[in-house]
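> Coordinates for the following, if possible.
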Amino acid sequence: MRTSNRHLLATESPYKINLFTRLGVPFHAIAAHLDETPLAHEDAESTARRLALAKASHLQSSHPHDWIWGSDQVCLGPNGPLGKPGDPERAIAMLQTLSGQQALFLTAVALVGPNGYQRIHCEQVTVQFRSLSKPEIERYIAIERPLDTAGAFKVECLGISLFDSVTSRDPTALEGLPLITISQWCRDLGLQVP
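As a prediction, the model looks like this:
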């Protein structure tokens, strides 16, 4: 299926924009502002899938001939879902909770396009945090200020130093987009990646 339609990434996240840029596919990023509150009795994977599709679909009415990519990530810590901390105190508390524990990241991507085209995929990443002292956590938060990321770390930067291991079929999913799946879907559309 060859296409010359534009590709739109439904985000304003600089992390996701940087990831998608790595593929060499020309695209435009457009924010899709939606309520991201999980629904009652909705599990984490269902939340990630629903929101990824909702973000892509949100732009479809104004861009019916384009290919629109949406994504969402949910982090499950030992006591349940973890969001974006927003301030240093919550980031410190979040990393103290994750110290020596595992967290599961569910990163969903959706693609919608002309004539009702729709695909969705969710990638799982398990992170084993090493035991972290409070001074290490405070130093990390002061250096990197990961206040706008699920789990209070940036794996593409110094956050990798907080881990014992990462288990995933697609390590880029932890950064916010599963590029292995996205690359395949681009090739399915007739794009050359690489």
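
> count of neighbours near residue 36?
Per other Cβ atoms under 10 Å, the neighbour tally for residue 36 reads 13. No exception for glycine: its C-beta is placed from N, CA and C like everyone else's.

> please renumber so the chain begins at 563
Sure thing, new numbering starts at 563, so read that last one as residue 598.

> what about it, is that helix, strand or coil?
Look at residue 598: counting by DSSP: H, G, I helix; E, B strand; the rest coil, its state is coil.

> Residue 634 is in contact with that one, correct?
Yes: with contact defined as Cβ atoms under 8 Å, residue 598 counts as touching residue 634 (7.2 Å).

> lowest-confidence helix or strand of this structure?
strand 642-644 (a mean of 90; mean pLDDT, DSSP states H and E).

> So for the helix or strand that that strand is followed by, what gets flagged as buried?
Going down the chain from strand 642-644, the next helix or strand is helix 650-660, by DSSP states H and E. Using 16 or more other Cβ atoms under 10 Å as the test for burial, helix 650-660 gives 652, 653, 654, 656, 657, 659, 660.

> Equivalent analysis for stretch 577-591, please.
577, 578, 581, 582, 585, 587, 589, 591.

> coming back round to it: ok, the least confident helix or strand of the chain: who's next to it in the sheet?
strand 629-639 (antiparallel) (DSSP bridges).

> could you give me the average pLDDT of the strand it pairs with?
The average pLDDT within strand 629-639 is 95.

> and if you look at stretch 695-710?
The average of the pLDDT scores along stretch 695-710 is 96.

> Also stretch 646-663?
On average, stretch 646-663 scores 96.

> where does it sit relative to the chain's centre, distance-wise?
18 Å (Cα atoms, centre = their mean, to the nearest Å).

> Measure how buried residue 691 is and give me the count.
When neighbours are counted by other Cβ under 10 Å, residue 691 comes out with 21.

> For it, give me the pLDDT.
97.

> Over to residue 756?
Per the predicted model, pLDDT is 87 at residue 756.

> Helices of the chain, residue ranges please.
Applying DSSP state H to the chain gives helices spanning 576-583, 606-622, 650-660, 696-706, 734-737, 741-750.

> Is it possible to get a markdown table of those that adds distance to residue 688?
Compiled in a markdown table, those are given as follows (distance: least, Cβ to Cβ, whole Å):
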| stretch | distance to residue 688 |
| --- | --- |
| helix 576-583 | 20 |
| helix 606-622 | 13 |
| helix 650-660 | 12 |
| helix 696-706 | 20 |
| helix 734-737 | 10 |
| helix 741-750 | 17 |
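
> Out of those helices, which is closest to residue 672?
Nearest to residue 672 among the helices of the chain is helix 606-622 (4.1 Å), distances taken as Cβ to Cβ.

> Check which helices and strands the closest one is in contact with.
strand 629-639, strand 664-674, strand 680-691 (3 or more Cβ pairs under 8 Å, 6 or more residues apart in numbering; DSSP states H and E).
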